[in-house]
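Asks: sequence plus predicted model, see below.
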Amino acid sequence: MAEEKTILTLITGADKGIGFATAQALGKKGQHILIGARNQERGEKAVEQLKDDGIKADFIQLDVTDKAQIKAAAAKIKADYGYLSILINNAGIAMDHHQPASELSTDTIRQDFDVNYFGLIDVTQAMIPLLKAASPAKIINVSSNMGSMGLASDPSSRFYKVNSLGYQSSKASVNFATIIFSKELADDGITVNSVNPGWTATGFGGRPEDAPAPTGMQDVATGAAQIIKMASLPMNDTTTGTFTENAGTLPW
Ligand SMILES: NC(=O)c1ccc[n+]([C@@H]2O[C@H](COP(=O)([O-])OP(=O)(O)OC[C@H]3O[C@@H](n4cnc5c(N)ncnc54)[C@H](OP(=O)(O)O)[C@@H]3O)[C@@H](O)[C@H]2O)c1
């Protein structure tokens, strides 16, 4: 009988927040976790924490805006393992702080896009050969309900009045990438899905991590739950081209 490959999972921006909670949960399920982080000290500390819990984990230096680092990360994964089973594109920022679109600088919008969209595309393109080597494989794009054009244009939605052009359009673009890549990679046995964590108590957007969570803000484990669920589907599951959250499917 052929030996089953260990599920090898790279999570970008995994040194803290939702990415780290996802790493802990998937690691406890037996996946070998590659902690992608731009900050070496924080990344290595996260790896030590996982190892203390008995999880197989390694650090990969990965600023998603640095093409040389992305190339080096892919080369290292190829040399060390030869394949990648799951890519979770989690790294994200929100720089626009609800400034009106009429006043928001395109420099700020570009910062959001560099990490949330172009970084995600560069990492995905670099990892595709490794995902093909593992096939069946999965890509999970951490999107946001803030990037749902369906919710943003629905007067009955609480997102109707939200105004963060850079962040929202970068996450809408992430969703478009999910749709396009899911179709291109279907025949290669690679599924591609978007997930919305929901409003979660992390340091995201500059929020102090130890600040009390306001009503409606969920804990990190709840924010990571749908990502964990998608990454725990059997490797031969063919669900692809979806946009989901804990409560179900979201409008694009
Ligand atoms: N929290 C929410 O309410 C919420 C809601 C919906 C969607 N999301 C999405 O969930 C994802 C995770 O967010 P979070 O709440 O866990 O926020 P977080 O605690 O701020 O974590 C964000 C992670 O992204 C990393 N990152 C930022 N820029 C990067 C870059 N250039 N290269 C590599 N990594 C980079 C950060 O690294 P450093 O430690 O180096 O800064 C950090 O590890 C994001 O994509 C976010 O858009 C969050």
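Replies: It's in. The structure displayed is predicted, hence computed values, not measured ones.

Asks: Three-state assignment for the closest residue to L185 other than its chain neighbours, please.
Replies: For L185, ignoring the flanking residues on the chain, the nearest one in space by C-beta to C-beta, 6 or more residues apart in numbering is V192 at 6.0 Å. (Each C-beta comes from the backbone N, C-alpha and C, glycine too.) Under DSSP: H, G, I helix; E, B strand; the rest coil, the three-state class of V192 is strand.

Asks: isn't V192 right up against G241?
Replies: Yes. Under the contact definition of C-beta atoms under 8 Å, V192 touches G241, with a separation of 6.8 Å.

Asks: tally up the residues packed near I93, please.
Replies: Residue crowding around I93 was assessed by other C-beta atoms under 10 Å; the count is 19.

Asks: for it, grab phi and psi.
Replies: In this entry, I93 is assigned phi and psi values of phi -140, psi 160 (degrees, to the nearest 10).

Asks: so M146 sits right up against S169, yeah?
Replies: No. In this structure, M146 sits apart from S169 without contact. The criterion is C-beta under 8 Å, and the distance is 9.8 Å.

Asks: now the helix or strand harbouring A177: buried residues?
Replies: When secondary structure is defined using DSSP states H and E, the element that contains A177 is helix 165-185. Applying a neighbour-count criterion of 16 or more other C-beta atoms under 10 Å, one finds 165-175, 177-178, 181-182, 185 buried in helix 165-185.

Asks: residues of stretch 240-252 that come out buried?
Replies: Neighbour-count burial for stretch 240-252, counted by 16+ other C-beta under 10 Å, picks out 240-245, 250, 252.

Asks: mind checking the end-to-end distance for it?
Replies: Its start and end residues considered, stretch 240-252 measures 14 Å (C-alpha to C-alpha, to the nearest Å).

Asks: D112: neighbouring residues, count only.
Replies: 24.

Asks: re earlier: which residues are common contacts for V192 and G241?
Replies: Overlap between the neighbourhoods of V192 and G241 consists of 178, 182, taking contacts as C-beta atoms under 8 Å, 6 or more residues apart in numbering.

Asks: can you show me the helices along this protein?
Replies: When secondary structure is read from DSSP state H, the chain shows helices at 17-28, 40-52, 67-80, 106-113, 120-134, 149-152, 165-185, 220-231.

Asks: so how far is the last one off the chain centroid?
Replies: Right, the one you point to is helix 220-231. Between the mean C-alpha point of helix 220-231 and the mean C-alpha point of its chain there is a distance of 11 Å (C-alpha atoms, centre = their mean, to the nearest Å).

Asks: who touches it?
Replies: 9, 17-18, 21-22, 25-26, 31, 86, 88, 90, 138, 140, 142, 193, 195-198, 200-202, 239, 244-246.

Asks: which residues touch the residue positioned nearest the centre of the chain?
Replies: Compute the mean C-alpha point of the chain, and by C-alpha atoms, centre = their mean the closest residue is N90, 2.1 Å away. Neighbour list for N90: 11-14, 18-19, 22, 142, 227 [criterion: C-beta under 8 Å, 6+ apart].

Asks: in CSV: those residues, plus distance to D114.
Replies: Listed next are these as CSV, based on distance: C-beta to C-beta, whole Å:
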residue, distance to D114
I11, 19
T12, 13
G13, 13
A14, 19
I18, 20
G19, 18
T22, 23
V142, 16
I227, 22
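
Asks: restricted to buried residues, select these in PyMOL.
Replies: PyMOL command restricting these to the buried ones, with burial defined by 16+ other C-beta under 10 Å:
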select buried, resi 11+12+13+14+18+19+22+142+227
